[in-house]
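Enquirer: fold the following, please.
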Amino acid sequence: MKYIIGVDVGTQSLRSGVLSQEGEFLFVASREYSPDFGEGNRAEQRTESWREALFETLEEVGVYLAWNPKIEPECIAVTSQRASVIPVDRDGEPLYPALMWQDKRATRECDEIAAKIAPEELYRQCGLRLDPYFSLPKMLWLKNNRPDIWQKACKLIGVQDYIALLLTGRYVTDRSQACRTMLLDINSLDWNAALLDMFGIDKNMLCELIEPGAAAGALCESTAKRTALHAGLPVLLCGGDQQCAALALGLFEPGDATANTGTGSFVLGYTDRPAFDEKQRVLCSAAAIPGERIVEAGIYASGATYNWCRRQFFGESGAEDVDFEKLNAEAASSPPGANGAVALPHFSGSAAPYWNPLAKGLFFNLGLGTTRGDLCRAVLEGIAGEISDNLALISRNARPVERLYVAGGLTRSPLYCQIMADSARVKVVRRSNVEAALLGCLMSACVTLGVYKSYREAFEAIAPKQSQTFEPDEGASLVYDHARELRRQLYAALDRDGVYTLAQRG
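Expert: Predicted structure coming up:
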């Protein structure tokens, strides 16, 4: 039996654990944190929060292993959130808080990029739509707005890269993370020299590229001493959290798609080649499987929006004390269509299919009879409706989606899973793994270690066998068709008439 130490660096928490080659979680330690959201679409995070969370959880892992000396881990395997930027100096010390993936300040920098290269051409080269979500606009924001930081910066790295630096002392990233920078050629999967030159970014400011699942280096002496782990333990970078989650959900076949819901929702479709949408509404990214790609669409705030409902609508009971079962029960008391209530779930701007960082959340068609349950259900229907729109785009640009495998916080609700099946008119299969990213990370590491010959074999051995299937109901689907068209018309009217821009000025 082989064991690994898995590290999952999420948006809300970092988890380190000891896992067996069969997918058993022997021990898990976690630390919570959160980005700092501010005016002007700012989203930053103190790098110390990751450093502290990493070392503290690995110290707990070290204690567990000391009490269980027969368990000898083969490696440390890392998966992480994506598309954040941290400038560091020559000593590897961060110079500025991380510009998080939710940070949307770099809208002017997007205009600057568009003036140098047509967004359509950029999309064909890097697979990403021009948007402040990604790393390049954030890098240019630092260059334009914090020239002092830019001058001191030796490297521009992501969150996973920072974790790798703390563990190994080396600047390394894998291609599934690098593809979110806008500086990786999605066709060759190498750094794009023309784009680097165009925007004045020295290649030396970026990390060394490796394949997903490859070793970034060995655990350095200083970190080993602090955590009581063995120096020299290989450190593998297994890929972006969403790509790893897709592995654990079984994204291997044409017609399959996955939707992993945490803070946001990420919808990934299978493709056997680079795939592009004529209107750049879906993304093409590197997969966690070396040399392969995925088609991806995302929603910035899905689980976060439903959590907002919990805090705001149940505040009289003490927001933090109300569990989601009560929220789900009230949502279930409302019928399909939420008694006419409609929600645009753009509480943190809109990613696919609209790609509008200025978009805002909206409730519409409320009356004096509208209940708290109607509003909660309207949010679930709004999220499911946007996922359905994104699945339609993936079907159009890759392969028609027939099965949707889901995991994550929202999917614990059978109501949400049924709404998803009805809205998308596809079979929804809920996997029983709540740690999809960490399980996918384990799968990647086990293939690298030679425990399993293929990713499919690793999936069969590691992924939980229990699942629940939700079949679409045509009657409910017709109701959701109407609600989805109403949401589209609402968004179009607000965008066309400049309401989002007006709200931003206010």
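Enquirer: tell me the helices and strands packed up against the helix or strand containing residue 18.
Expert: Take DSSP states H and E as the rule and residue 18 turns out to sit in strand 13-20. In terms of contacts (3 or more Cβ pairs under 8 Å, 6 or more residues apart in numbering; DSSP states H and E), strand 13-20 is packed against strand 3-9, strand 25-32, helix 47-67, helix 436-449. Heads up, the C-betas are built off the backbone N, CA and C, glycines and all.
Enquirer: any idea which of these is most buried?
Expert: helix 436-449 (a mean of 28; mean count of other Cβ atoms under 10 Å).
Enquirer: CA atoms of the following helix or strand past it as CSV?
Expert: Sequence order places helix 455-462 as the next helix or strand after helix 436-449, per DSSP H and E. Presented in CSV, the C-alpha positions along helix 455-462 are these (Å, rounded to 0.1, in the frame of the first residue of the first chain):
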residue,chain,number,x,y,z
TYR,A,455,-5.9,7.8,-15.2
ARG,A,456,-8.9,5.7,-16.0
GLU,A,457,-7.5,2.8,-13.9
ALA,A,458,-6.7,5.2,-11.1
PHE,A,459,-10.3,6.5,-11.3
GLU,A,460,-11.7,3.0,-11.1
ALA,A,461,-9.6,2.3,-8.0
ILE,A,462,-9.9,5.6,-6.2
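Enquirer: how far off centre is helix 455-462?
Expert: 22 Å (Cα atoms, centre = their mean, to the nearest Å).
Enquirer: same for that helix, what does it pack against?
Expert: Using 3+ Cβ pairs under 8 Å, 6+ apart, helix 455-462 sits against helix 241-249, helix 436-449.
Enquirer: which parts of that helix are buried?
Expert: Within helix 455-462, the residues that count as buried by 16 or more other Cβ atoms under 10 Å are 455, 456, 458, 459, 462.
Enquirer: between these, which is nearest residue 113?
Expert: Set against residue 113, the nearest of the buried residues of helix 455-462 by Cβ to Cβ is residue 455 (34.9 Å).
Enquirer: run through who's touching stretch 15-31.
Expert: 1-8, 13-14, 52-54, 56-58, 60-61, 64-65, 68, 71, 73, 435, 438-439, 442, 446, 451, 461-464 (Cβ atoms under 8 Å, 6 or more residues apart in numbering).
Enquirer: now do 7 Å
Expert: Contact partners of stretch 15-31, identified using Cβ atoms under 7 Å, 6 or more residues apart in numbering, comprise 1-8, 13-14, 53, 56-58, 60-61, 64-65, 71, 73, 438-439, 442, 446, 451, 461-463.
Enquirer: repeat that for stretch 281-297.
Expert: Residues contacting stretch 281-297 (Cβ under 7 Å, 6+ apart): 127-129, 175-176, 179, 186, 189, 211-213, 238-239, 243-244, 246-247, 266-269, 271, 274-276, 352-353, 390, 393-394, 397-398, 440, 444, 455.
Enquirer: and the buried ones among those, selectable in ChimeraX?
Expert: Buried members of those, defined by 16+ other Cβ under 10 Å, are picked up in ChimeraX with:
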select :127,128,129,175,176,179,186,189,211,212,213,238,239,243,244,246,247,266,267,268,269,271,274,275,276,352,353,390,393,394,397,398,440,444,455
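Enquirer: the contacts of stretch 281-297 in strands, which ones?
Expert: Taking DSSP state E, the ones among the contacts of stretch 281-297 that sit in strands are 238, 239, 266, 267, 268, 269, 271.
Enquirer: what helix or strand does the residue sitting furthest away from the middle of the chain sit in?
Expert: Outermost residue of the chain with respect to the C-alpha centroid, by Cα atoms, centre = their mean, is residue 368; its distance is 37.8 Å. Assigning secondary structure by DSSP H and E places residue 368 outside every helix and strand.
Enquirer: for the stretch 301-450 of the chain, just list every one of the helices.
Expert: With DSSP state H, counting those that start in this stretch applied, the stretch 301-450 of the chain shows helices at 303-313, 324-332, 372-397, 414-424, 436-449, listed in chain order.
Enquirer: weakest of the helices and strands packed on helix 455-462 by average pLDDT?
Expert: Lowest mean pLDDT within the helices and strands packed on helix 455-462: helix 241-249, a mean of 91.
Enquirer: now do the following helix or strand past that helix, average pLDDT.
Expert: Heading C-terminal from helix 241-249, the first helix or strand you meet, by DSSP H and E, is strand 256-261. Mean pLDDT, strand 256-261: 87.
Enquirer: partner strands of strand 256-261 and their direction?
Expert: Strand 256-261 pairs in its sheet with strand 265-271 (antiparallel), strand 403-408 (parallel), by DSSP bridges.
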